[in-house]
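Colleague: Requesting a structural model of the entry that follows:
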Amino acid sequence: MSNSGKTFFKGVLWSITDNFFKQAITLAVFIVLARILEPEIFGLLSFSLIFVNIFVSVINEGVVTALVRKENPTAADYNTGFWLCFGCSIPAFLFLFFTADYFEQFTSSGGLGTVMRATSFIILISGLSSIHEVRLRRQINFKSIAIRSIISVALGGGIGVYMALHGFGVAAVLAQQLITAGCNLVLLWFTVSWRPGLQVSKASFKEILHFSKYIVLTNLSNATNQNSDTFFVTYYLGSVATGIYTTAKRLPSTLNTVISAALFRVSIPVFSKLQNDDAGLAKAYLSSTTLTAMVTAPVFTGLAVLSEDITLLILGEKWLATVPVMQVVSVIGFLTSIGYYNQSVMVAKNKPQWQTKLTLLYAVTNVIAFTIFTRFGLLATALAFAGRALLLYPASVWCALTLTGVSWKKYIAAIFPALAASSVMAFVLIKASVLMEDNLLIARIITLVVAGILMYGVLIYAFVPTSYRKYAMDTLNTKILRRQKAISA
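Modeller: Predicted coordinates:
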C-alpha cells in the first residue's frame, strides 16, 4: 500500500472512531435525557440550534473548506482565515442574542428566548476553534480530533445527565451543549501549538472570499434544507411536536454521521489530490459510493423496519409518535449517505458553484413543500421532505458523473446490489416481525437483527459483481499472508 493509501486509511479509521464514539456517547446521553425530560425541552433546543448551525455553516465552513482544499496554505492564509471566522462570529452572536425574545413571541414558545441566548455562545466558540481544526485535518491528523471530541462529548453529556437527574430541566441540555463546545475549544488550543498571528494577507482574503462564496451559499442552502422542517413544525405545530419530530430524525441522523460523515471528511482532501487525475478520481468516486451503499442500505432499511421495536426499547411508549416519521426519514438516510461523495467531487474539481445551485434548488423546494404540507402534521412533513429528496437526487448524481466521466450504467450497477439485497431483506423481516409480535421485545429485536445481517450477507454476495468478490478475496488473502509473515518473523 502506498504512503497516500496508508494515510487515507488511517484518516478514515480515526475519523470513523471519532464519529462512532462521539455519536454513541451523544446518543446514549440523549436516550437518558429523553426518558427524564419532556419533548417540549428538546423542541426548544432544536429550534435554537437551527440558527446556531446556520451561522456556523455560513461563517466557518466556507473558510475552512477554502483552506483544506489549498495545496500548501501559508501562515498568512491561516491567520487570515482565523480572523475572518472569529470576526464574523461576533455580529452573528450579537444578532441571535438580542433577537431571541422576538423569536419566542413569533413562535409562541415559552422559554425559547432563554434557550436561544444560551446557545448563541456556541457561535463564538466555533469561531475560535475552526482554523485550529483545519490544521489537523490538513495533516490528516484525525487521531487528535477524535480524542478531543470524545472527551468533550463525554464531559458535556455526563454533566447534562447529572443536572437532569437533579431536576434542572432545560438547563441540563443547555449545560450539555455549552460544556461540550467549551471543552472542545480548550482541548483544541492545547492540542495544536499554532497560534493566530497578526500577519494577514489581502490576497489570501480575496482568494478565500472568492472560493468560499460558493461554499457559503451551499452551506446556507444545506442548513436550510436540514432545518427548515424544524422551523415550520415549530411555527405550525408547536415545540412539543418539534421535540417529537427531531427525536424521530435523531437515530437516522446519528447513523449517517457515524457511517458516512467520517468518509466525507476524508474524501475532500483525498479527492482533491486526484483532481488532475480523471481516471483515479472516477475510480475513487465509484468505489467509495459502492462500498458505502453496501454498508448503509441494509442499516437504514433495517432501521425503518424495526423502528417501532427500537423506539419502545430505548425511548419508551411516550415517544411512539416518532415511529412513522423515523420510518420515512430512514429510507432517505441511504440517499444522504452516498450523496456526500457527489458534493466532494464538485469541491475537488473546483465546481463549488454547481453544488451551490443544487442546494439552492433543494432549499427553495423544501420551503415550498413544508409551507404547504407541515400544517397537516408530522407525517405529512416527513413525506414532503422524502418526496423532494427522491425527485431531485438524480441532479446531484448527474453533476458528479459529468465531472468524473462515470456513466449512469456504471453508477446504477454500483448501488443496485445493495438496494436489491436490502429490499429482499426488508420483505422477509416484515413478515418475520409479524410472526414474532408476541415474543419478548429484546429477544425479537436481537433475532431479527441477526437474521437480517445473515440474510443480507448471503444476498449481497449473490448480487454483487464478480470483480468485487474477487477484490474482497484478494484483500482477505493478502491480510492473512501478512499476518502469517508477522507471526513467523
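
Colleague: Surely G156 and L174 touch.
Modeller: No. Using CB atoms under 8 Å, G156 is not in contact with L174; the gap is 10.5 Å. All C-beta spots, glycine's among them, are computed from the backbone N, C-alpha and C.

Colleague: C-terminal to the one helix or strand L286 maps to, what's the next element?
Modeller: Using DSSP states H and E, L286 falls within helix 278-314. Going down the chain from helix 278-314, the next helix or strand is helix 323-348, by DSSP H and E.

Colleague: that older thread, for the helix holding L286, packing partners?
Modeller: Judged by 3 or more CB pairs under 8 Å, 6 or more residues apart in numbering; DSSP states H and E, the packing partners of helix 278-314 are helix 239-256, helix 262-273, helix 323-348, helix 378-404, helix 408-435, helix 441-463.

Colleague: Which positions within it qualify as buried?
Modeller: Under the neighbour-count criterion of 16 or more other CB atoms under 10 Å, helix 278-314 has 281-282, 284-286, 288-290, 292-294, 296-307, 309-312, 314 buried.

Colleague: And for stretch 209-217?
Modeller: Residues 211-212, 214-217 are the ones in stretch 209-217 that count as buried (16+ other CB under 10 Å).

Colleague: got a list of what V367 touches?
Modeller: 224, 228 (CB atoms under 8 Å, 6 or more residues apart in numbering).

Colleague: quick check: angle from the strand or helix carrying it to helix 378-404?
Modeller: Assessed by DSSP H and E, V367 sits inside helix 352-373. Following axes from the mean of the first three to the mean of the last three CA atoms, to 10 degrees, one obtains 160 degrees for the angle between helix 352-373 and helix 378-404.

Colleague: quick one: low-confidence ranges for this structure?
Modeller: For the chain, applying pLDDT under 70 flags the ranges 1-19, 68-71, 137-144, 259-277, 465-489.

Colleague: Need the residue closest to the centroid of it.
Modeller: For the chain, T257 is the residue whose C-alpha lies nearest the centre (CA atoms, centre = their mean; 3.9 Å).

Colleague: where's that one relative to L459, distance?
Modeller: Separation of T257 from L459 (CB to CB, to the nearest Å) stands at 26 Å.

Colleague: Likewise for I179?
Modeller: Per CB to CB, I179 is found 45 Å from L459.

Colleague: Could you do A34 as well?
Modeller: 34 Å.

Colleague: and if you look at A421?
Modeller: The spacing between A421 and L459, counted by CB to CB, is 4 Å.

Colleague: same thing with A380?
Modeller: Using CB to CB, we find A380 at a distance of 34 Å from L459.

Colleague: if you count what's nearby, which of these two comes out ahead?
Modeller: L459 (20 against 15; other CB atoms under 10 Å).

Colleague: Touching, that one and M425? I think so.
Modeller: Yes. Assessed by CB under 8 Å, L459 is found in contact with M425 at 6.5 Å.

Colleague: from the buried residues of stretch 209-217, which is closest to Q343?
Modeller: Of all the buried residues of stretch 209-217, Q343 sits closest to I215, with 10.1 Å by CB to CB.

Colleague: tell me the contacts of the residue lying closest to that closest one once chain neighbours are set aside?
Modeller: Closest residue to I215 apart from its sequence neighbours, by CB to CB, 6 or more residues apart in numbering: G62 at 4.0 Å. Shown in contact with G62 (CB under 8 Å, 6+ apart): 208, 211-213, 215-216, 219.

Colleague: again, 6 Å this time
Modeller: Listed by CB atoms under 6 Å, 6 or more residues apart in numbering, the contact partners of G62 are 212, 215-216.

Colleague: what's the closest of the residues you listed to Q199?
Modeller: S212 (20.1 Å).

Colleague: what separates the nearest residue to that closest one once chain neighbours are set aside from H210, distance-wise?
Modeller: Distance criterion CB to CB, 6+ apart; nearest residue to S212, sequence neighbours excluded, is G62 at 3.1 Å. According to CB to CB, G62 and H210 sit 11 Å apart.

Colleague: Then I442?
Modeller: In terms of CB to CB, I442 sits 56 Å off from H210.

Colleague: And Q199, by the same measure?
Modeller: Per CB to CB, Q199 is found 20 Å from H210.

Colleague: swap in A171?
Modeller: For A171, the distance to H210 - CB to CB - is 43 Å.

Colleague: Report the inter-axis angle for the helix holding V367 versus helix 323-348.
Modeller: Angle of helix 352-373 versus helix 323-348, following the same axes, to 10 degrees, is 160 degrees.

Colleague: distance between helix 352-373 and the chain's centre?
Modeller: Relative to the chain's own centre, helix 352-373 is displaced by 18 Å; criterion: CA atoms, centre = their mean, to the nearest Å.

Colleague: So which bits of it are buried?
Modeller: Those would be 352, 354-363, 365-367, 369-370, 373, for helix 352-373 by 16+ other CB under 10 Å.

Colleague: Output that helix as PDB, nothing but the C-alphas.
Modeller: Output of helix 352-373 as PDB, limited to C-alpha atoms (Å, rounded to 0.1, in the frame of the first residue of the first chain):
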ATOM      1  CA  PRO A 352     -18.500  24.600  -5.900                       C
ATOM      2  CA  GLN A 353     -20.900  26.700  -7.800                       C
ATOM      3  CA  TRP A 354     -22.600  23.600  -9.100                       C
ATOM      4  CA  GLN A 355     -23.300  22.400  -5.600                       C
ATOM      5  CA  THR A 356     -24.500  25.900  -4.700                       C
ATOM      6  CA  LYS A 357     -27.100  25.900  -7.400                       C
ATOM      7  CA  LEU A 358     -28.200  22.400  -6.400                       C
ATOM      8  CA  THR A 359     -28.600  23.300  -2.700                       C
ATOM      9  CA  LEU A 360     -30.400  26.500  -3.600                       C
ATOM     10  CA  LEU A 361     -32.900  24.400  -5.600                       C
ATOM     11  CA  TYR A 362     -33.200  22.000  -2.700                       C
ATOM     12  CA  ALA A 363     -33.800  24.800  -0.200                       C
ATOM     13  CA  VAL A 364     -36.400  26.500  -2.300                       C
ATOM     14  CA  THR A 365     -38.300  23.300  -3.000                       C
ATOM     15  CA  ASN A 366     -38.100  22.300   0.700                       C
ATOM     16  CA  VAL A 367     -39.500  25.600   1.900                       C
ATOM     17  CA  ILE A 368     -42.400  25.400  -0.600                       C
ATOM     18  CA  ALA A 369     -43.100  21.800   0.400                       C
ATOM     19  CA  PHE A 370     -43.100  22.500   4.100                       C
ATOM     20  CA  THR A 371     -45.200  25.600   3.700                       C
ATOM     21  CA  ILE A 372     -47.800  23.600   2.000                       C
ATOM     22  CA  PHE A 373     -47.700  20.300   3.900                       C
END
